[in-house]
Every structure is written in C-alpha cells, then in structure tokens.
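>>> Pasting a predicted model and its sequence here:
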Amino acid sequence: MTLKLGVIGAGAIGKEHIRRCTQVLQGATVVAVSDINPDSAWAAAALPGVCAEVYADGHDVIRSTDVEAVLIASWDPTHEEYTLAAIAAGKPVFCEKPLAMSAEGCRRIVDAEIEAGRRLVQVGFMRPYDEGYRALKKAIDDGAIGAPLLLRCAHRNPKVDESYTTDMAITNTLIHELDVLRWLLNDDYRSVQVRFPRSTSHTHGRLKDPQIVSFETRKGTLIDVEIFVNCQYGYDIQCEVVGETGVARLPEPSAVQMRRDASLSTAILTDWKDRFITAYDAELQAFINDVAAGRLRGPSAWDGYAASVAADACLKAQKNGGSVAIALPERPSFYAC
Ligand SMILES: NC(=O)c1ccc[n+]([C@@H]2O[C@H](COP(=O)([O-])OP(=O)(O)OC[C@H]3O[C@@H](n4cnc5c(N)ncnc54)[C@H](O)[C@@H]3O)[C@@H](O)[C@H]2O)c1
Ligand SMILES: O[C@H]1[C@H](O)[C@@H](O)[C@H](O)[C@@H](O)[C@H]1O
C-alpha cells in the first residue's frame with residue numbers, strides 16, 4: 001500500500017523531503033503541496049516524478065480526502081497550528097522541528113494527541129537516526145567509557161541571514177541538541193546557563209553569535225554546547241563525551257584525505273542537507289513504515305515538548321545571565337516506550 005502524503009511548506013527542506021519521498025524512499029507518494037508562496041508550491045509540484053495537487057492553503061491539504069498523512073515543513077511559528085489541525089483530522093503528521101515555539105504550545109499538541117487516543121505525531125528530530133550518533137550512544141550504553149561525566153558539543157553553521165536572531169539560536173538550532181543529548185545520555189536537564197563571548201564581526205545587531213549554553217543533567221553530567229551560526233568555514237557538528245574510563249567522540253562524516261600542494265586535508269561539509277542526508281532518509285522511511293503498521297515509534301510529541309521545556313529555560317537564561325532550573329513533568333504513560 002502506498003501512503004498518500006500532503007506537504008505544507010515547500011522551501012529548502014520541504015523540497016528535499018518531497019524529492020526523497022518520490023525518488024529514494026519506499027511506500028509513499030506526495031499527492032498534495034501547499035506554500036504561502038505559490039511559486040514555491042508549483043516548483044515543488046514540478047520536481048521530477050511528482051504528481052501532486054497544489055493548494056493555496058495548508059489547511060486544505062489537511063482536509064483533502066486524498067491526503068492520508070501530513071508533512072509539515074513550513075516556518076517554525078506555523079507548526080503548532082498545522083499539527084493541531086492534522087490531529088483534529090485524525091491524520092498522522094510528521095512535523096519538522098521545533099514542534100511549537102514554546103513548551104506551552106507543545107503541551108497543547110501533547111494534550112490533543114492524548115485526547116485523540118493514539119500516537120499521530122512524529123517530530124523531525126533526525127539525529128537519533130544518524131549512524132554516528134547511534135554508534136556514540138552504543139558506546140555509552142555498552143559502558144565503553146564508564147559513566148558520562150562531561151560533554152563538549154558544537155553546533156556550527158557557516159552563516160545565517162538577517163532574519164535570524166539570538167533567540168533562534170535556541171529554538172531553531174540548539175533544539176536539535178536539546179533532543180539528541182537527552183536521548184544519548186538517557187537523562188534529562190536540571191538547569192542551564194547561557195554565556196556570550198565577544199560577538200563575531202560576521203553577525204548583525206539582533207544576533208549575538210556565538211553563545212555557550214551549559215547544562216547540568218539530573219544525573220550530574222555537565223554539558224557545554226557552543227552555538228556558532230556564522231562560523232564561515234562549514235557545517236560542523238561536534239560531540240565529545242568524557243567518561244570515567246575514556247572519551248568517545250561523534251565520528252566525522254567520511255571524506256577523502258588529500259595530500260597536495262604541500263598540505264594534508266579533508267573537506268568539511270557546508271550544508272545540513274548533506275551532513276544528515278541518510279538520517280533524514282531513515283527518519284522519514286520510519287514514519288512511512290510506522291504509519292502503515294499503525295504504530296508511530298519515532299521522536300514523539302512528548303520529545304518535542306521535553307526539548308521545548310529546556311528551550312524555554314535557555315531563553316530565560318539568555319536574558320538573566322544566571323542559572324535557570326529546568327523542570328520536565330513526569331512522562332505520561334501514553335508515551336511509555
Ligand atoms: N530537521 C532539520 O535538520 C531541518 C533542516 C532545515 C529546516 N528544518 C525546519 O523545517 C522548516 C522549514 O525550513 P526551511 O529551511 O525549509 O525554510 P524555508 O524558508 O526554505 O522554507 C519554508 C517554507 O515555508 C513556507 N511557509 C511559511 N509559512 C507558511 C504557511 N503558513 N503555510 C504554508 N507555507 C508556509 C515559506 O514560504 C517557505 O517556502 C523550519 O521549521 C525549520 O526549522 C529542519
Ligand atoms: O533549520 C536548520 C536545521 O535545523 C539545521 O539542522 C540547523 O543546523 C540549523 O541551525 C537550522 O537553522
């Protein structure tokens with residue numbers, strides 16, 4: 001059986017997801033597309049192999065009787081409204097990160113899903129599907145380095161545009177670490193502090209860049225994450241875990257080593273699309289398979305909520321400079337693994 005998908009938001013990742021659903025993955029076809037910019041929707045509908053109806057309004061995609069599941073890839077502030085509408089229509093929904101702009105917004109989605117009585121939401125947190133993160137987690141879970149004591153992480157983007165502001169470093173960028181690190185450590189956050197070094201000259205007045213976000217977890221692990229979104233040199237994701245008996249690092253993406261012109265070098269990727277391409281394929285294939293099997297198992301609305309509870313605390317910590325407590329309520333049994 002082929003799952004009929006409706007896509008809302010046909011920008012960079014919307015088009016990527018349409019391409020992978022059409023050309024790479026098994027078991028799904030894109031039958032509807034919408035974007036507030038009609039040119040983007042028509043361009044996506046014209047991608048090779050795509051045969052989709054174009055709708056002016058995302059809600060018409062959700063309402064369409066042709067659409068069996070919804071994929072949301074529009075701007076961050078639109079996710080909550082469309083996810084709630086998909087739940088109300090009883091349709092499974094894959095929503096790009098963040099699930100909503102605040103913990104309160106995510107909680108509305110959690111409550112609506114529990115009310116619906118079955119899991120309908122998968123959040124686009126793809127890093128748990130990345131081979132490198134999976135290998136790192138296995139090393140930790142196998143006890144290869146003893147208990148994790150410290151983490152040093154970096155999330156670097158080459159550059160962002162003028163619309164990207166200091167708070168988005170948390171809600172749009174750090175949100176990936178907020179999800180993947182609690183999965184990696186089987187732990188939750190207890191508190192957070194944010195510090196700003198001098199800013200790079202490659203930023204603008206509404207973006208302090210870089211910033212260092214420091215967490216303590218419930219088990220007492222300390223985590224530093226550097227977010228640097230105008231680092232200029234590439235798209236670079238780092239994670240080093242210092243344990244009681246050793247150190248484990250996220251593997252670098254494989255690249256050819258070059259010896260030439262009196263230097264030794266390996267290329268660094270420049271784009272999230274390439275860095276996590278196999279993880280994006282795997283997360284969406286899992287969604288398609290799980291919808292067919294009638295049981296979603298990927299990153300849940302509760303995971304989206306947990307990340308947003310921590311994100312809200314980071315936003316407070318950006319403003320007050322001190323330590324801010326993070327209090328995640330107990331996970332409802334509805335989301336038990
Ligand atoms: N998981 C990841 O690694 C990853 C990577 C990139 C983007 N994202 C997320 O995906 C989303 C899209 O990001 P992008 O990089 O493709 O941005 P983008 O700006 O390239 O595309 C977003 C598209 O959404 C459209 N849009 C905005 N509001 C809309 C609305 N109300 N209804 C329908 N369409 C609307 C815009 O016109 C645009 O074409 C964001 O939420 C972003 O955080 C996730
Ligand atoms: O939307 C993108 C995407 O989520 C990338 O994975 C992240 O590195 C960027 O900072 C963010 O802007």
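Cool, got the structure. Numbering: from 1, shown residues only. Ligands and ions are numbered 1, 2, ... in the order given.
>>> Might you name the residue of the stretch 51-200 of the chain sitting closest to ligand 2?
Thr173 (3.5 Å; CB to the nearest ligand atom). Where C-beta positions appear, they are placed from N, C-alpha and C, glycine not excepted.
>>> what sits against that residue?
Each residue near Thr173 by CB atoms under 8 Å, 6 or more residues apart in numbering is listed here: His155, Asn157, Ile227, Val229.
>>> The residue nearest to the second one when sequence neighbours are not counted and Thr173, how far apart?
Just to be clear, that refers to Asn157. Distances taken as CB to CB, 6 or more residues apart in numbering put Val229 closest to Asn157, at 4.3 Å, once the chain neighbours are dropped. Distance of Val229 to Thr173, given as CB to CB, to the nearest Å: 6 Å.
>>> which SSE is Glu113 in?
In this structure, Glu113 sits in helix 103-116 according to DSSP states H and E.
>>> what about that helix, distance to the chain center?
Its chain's C-alpha centre lies 18 Å from the corresponding centre of helix 103-116 when counted by CA atoms, centre = their mean, to the nearest Å.
>>> and that helix, what other elements does it pack with?
Applying 3 or more CB pairs under 8 Å, 6 or more residues apart in numbering; DSSP states H and E, we find helix 103-116 packed against helix 79-88, helix 301-320.
>>> What segments of the stretch 101-250 of the chain are strands?
121-123, 148-156, 189-195, 211-217, 222-228, 236-243, 247-249 (DSSP state E, counting those that start in this stretch).
>>> which outside residues touch the second one?
For strand 148-156, the external contacting residues (CB under 8 Å, 6+ apart) are 140, 173-174, 176-177, 181, 185, 221-229, 231, 233-244.
>>> And the pLDDT for the residue nearest to Asn157?
Reading off the confidence values, Val229 has pLDDT 99.
>>> Contacts only, for it.
When contacts are counted by CB under 8 Å, 6+ apart, Val229 touches Arg156, Asn157, Lys159, Val160, Tyr164, Ala169, Thr173, Leu207, Asp209, Pro210.
>>> and which of those residues is nearest Val24?
Asn157 (24.5 Å; CB to CB).
>>> can I assume that closest one is in contact with Asn230?
Yes: assessed by CB atoms under 8 Å, Asn157 is found in contact with Asn230 at 7.4 Å.
>>> The two: which is more packed in?
The neighbour count for Asn157 versus Asn230, taken as other CB atoms under 10 Å, is higher for Asn157 (22 against 19).
>>> count of neighbours near the closest residue to ligand 1 within the stretch 1-150 of the chain?
With CB to the nearest ligand atom, the shortest gap between the stretch 1-150 of the chain and ligand 1 falls at Gly11, namely 1.8 Å. Neighbourhood size, Gly11 [other CB under 10 Å]: 15.
>>> Please apply the same query to Arg118.
12.
>>> how close does it get to Ser300?
As defined by CB to CB, Arg118 lies at a distance of 12 Å from Ser300.
>>> Quick one: residues contacting the residue lying closest to Ala301 once chain neighbours are set aside.
Leaving aside its sequence neighbours, Ala301 sits nearest to Val121 (CB to CB, 6+ apart; 4.3 Å). Contact analysis of Val121 by CB under 8 Å, 6+ apart lists 83, 86-87, 92-93, 95, 99, 109, 113, 296, 300-301, 304.
>>> how about TSV for these, with pLDDT added?
Listed next are those as TSV, based on pLDDT from 0 to 100:
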residue	pLDDT
Thr83	99
Ala86	99
Ile87	99
Pro92	99
Val93	99
Cys95	99
Leu99	99
Ile109	99
Glu113	98
Leu296	98
Ser300	98
Ala301	98
Gly304	98
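>>> Return the residues in contact with the nearest residue to Lys219 once chain neighbours are set aside.
Closest residue in space to Lys219, ignoring its immediate chain neighbours: Asp187 at 5.0 Å, by CB to CB, 6+ apart. Counting by CB under 8 Å, 6+ apart, Asp187 touches Thr217, Arg218, Lys219, Thr221.
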